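Visitor: I would like to see how this sequence folds:
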Amino acid sequence: MSHLQPSSLFSVKGLVVVLTGGGSGLGRMMAHTLDANGASKIFIIGRRQEALQETITQSPNSSSSAIIPIQADISSKASLEAAYQTISAQTDHVDLLIANSGILGPNSSPPPPKPDGSLPSLAEVRDALWSVPMEDFTKVLDVNVTGAYYTAVAFLPLLEAANKRRPAPVKNQIATPTAQVIITPSIAGFNRKVPISAAYNLSKSAANHLVKLLSTTLASYDIRVNGIAPGIYLSEMSTRNFQEGDKGISDGSFKREVIPLTRAGGEEDIAGLILYMASAAGGYLNGNITITDGGRLSTAVATY
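Guide: Model (predicted):
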């Protein structure tokens, strides 16, 4: 029964991982989780070398050298290709690719109601929304959607190579999991209101569908594609939801009508999820988007 023990079922020992957006937020948490649990190589990709280095120095597994920084811009094909070439020179396969890079983008929400409760005029709504430069809007799509797509495409040869390393099947025994891509959309992709950025919501809705498109496209090649749709976790993009010095993970940190569990997501929450999805425990997942939001979507105006 050893295959049912957590040490076997949720093991990520020896995995080779590529993780974009590894310099902050959820990416940093996932890198630390994989490092703490024995992944052999974790290539973290990001634009800021100093942020990537902080992920390494802050890792709980201080004696490890598994986390490897790769400076690149995933919204540039040339930069992605250079990152791919750098990584392929250091490993002959990739078991798991996590396309996690994302940006929030410009404030493009309609003006709020006036103090007397009346709505802003349609002219005021137009002025507010029209004031956002189109290039600022499309930059969000470039990173959150197009960048995720080309990240997955770039590493297909190394993902295929991981599948070729799998042992021959044994009758009545589940084989090691096939290679996998995990994309990080957001519950914003299901939200029908625009709290801050229409571009962000639209991009995350597209990222949700990208999971489904790629899972179908790559199914015949035994490359699985799944998604993680987080709610409120402390990150550079979500600091407006937190008081300074407060991670918001204690019960009662948020009003119940905002998050039914009354707290933000913490490192343990994303750690447990990524260990499940990256290990044999999640080996039967494909085309799945897992929400981790403490129930926030259940109280939001959303489509799910």
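
Visitor: contacts, neighbours, all on C-alpha from now
Guide: Noted.

Visitor: Please, where are all the strands along the stretch 201-304 of the chain?
Guide: All strands of the stretch 201-304 of the chain, identified by DSSP state E, counting those that start in this stretch, fall at 224-230, 289-292.

Visitor: Report all helices and strands that the last one contacts.
Guide: Right, the one you point to is strand 289-292. strand 224-230 (3 or more CA pairs under 8 Å, 6 or more residues apart in numbering; DSSP states H and E).

Visitor: Check which helices and strands the strand it packs on sits against.
Guide: In terms of contacts (3+ CA pairs under 8 Å, 6+ apart), strand 224-230 is packed against strand 180-183, helix 198-218, strand 289-292.

Visitor: So for this protein, the centremost residue is which one?
Guide: The structure's the chain has its C-alpha centroid closest to Thr184; by CA atoms, centre = their mean the separation is 2.7 Å.

Visitor: any idea how far Pro230 is from it?
Guide: 8 Å (CA to CA, to the nearest Å).

Visitor: Pull the residues that contact stretch 124-132.
Guide: 106-111 (CA atoms under 8 Å, 6 or more residues apart in numbering).

Visitor: In a markdown table, list the helices and strands packed on strand 224-230 along with distance to Ala168 and mean neighbour count.
Guide: Shown next, in a markdown table, are the helices and strands packed on strand 224-230 (distance: least, CA to CA, whole Å; neighbours: other CA atoms under 10 Å):
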| stretch | distance to Ala168 | mean neighbour count |
| --- | --- | --- |
| strand 180-183 | 19 | 28 |
| helix 198-218 | 21 | 21 |
| strand 289-292 | 29 | 19 |
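
Visitor: May I see those arranged in JSON lines, with mean pLDDT as well?
Guide: Formatted as JSON lines, those follow (pLDDT from 0 to 100):
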{"stretch": "strand 180-183", "mean pLDDT": "99"}
{"stretch": "helix 198-218", "mean pLDDT": "97"}
{"stretch": "strand 289-292", "mean pLDDT": "97"}
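
Visitor: Pipe these into JSON lines and attach distance to Ala271 per row.
Guide: Shown next, in JSON lines, are the helices and strands packed on strand 224-230 (distance: least, CA to CA, whole Å):
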{"stretch": "strand 180-183", "distance to Ala271": "14"}
{"stretch": "helix 198-218", "distance to Ala271": "21"}
{"stretch": "strand 289-292", "distance to Ala271": "11"}
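
Visitor: These: which one's closest to Ser2?
Guide: Ser2 lies closest to strand 180-183 among the helices and strands packed on strand 224-230, at 24.2 Å (CA to CA).

Visitor: Restrict the closest one to CA atoms and write it as PDB.
Guide: Output in PDB follows, covering the C-alpha atoms of strand 180-183 (Å, rounded to 0.1, in the frame of the first residue of the first chain):
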ATOM      1  CA  GLN A 180       2.100  18.800 -17.900                       C
ATOM      2  CA  VAL A 181       1.500  22.500 -18.500                       C
ATOM      3  CA  ILE A 182      -0.200  24.500 -15.700                       C
ATOM      4  CA  ILE A 183      -1.500  27.900 -16.600                       C
END
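
Visitor: That strand pairs with which strands?
Guide: Looking at strand 180-183 with DSSP bridges, its partner strands are strand 96-99 (parallel), strand 224-230 (parallel).

Visitor: now the helices: where do they sit in this protein?
Guide: 6-9, 25-36, 49-57, 77-88, 122-130, 134-141, 148-154, 156-164, 198-218, 267-278 (DSSP state H).

Visitor: got the buried residues for the shortest one?
Guide: If you call a residue buried by 16 or more other CA atoms under 10 Å, then helix 6-9 has these buried ones: Leu9.

Visitor: Now tell me what touches it from outside.
Guide: Counting by CA under 8 Å, 6+ apart, residues outside helix 6-9 touching it are 2-3, 279-281.
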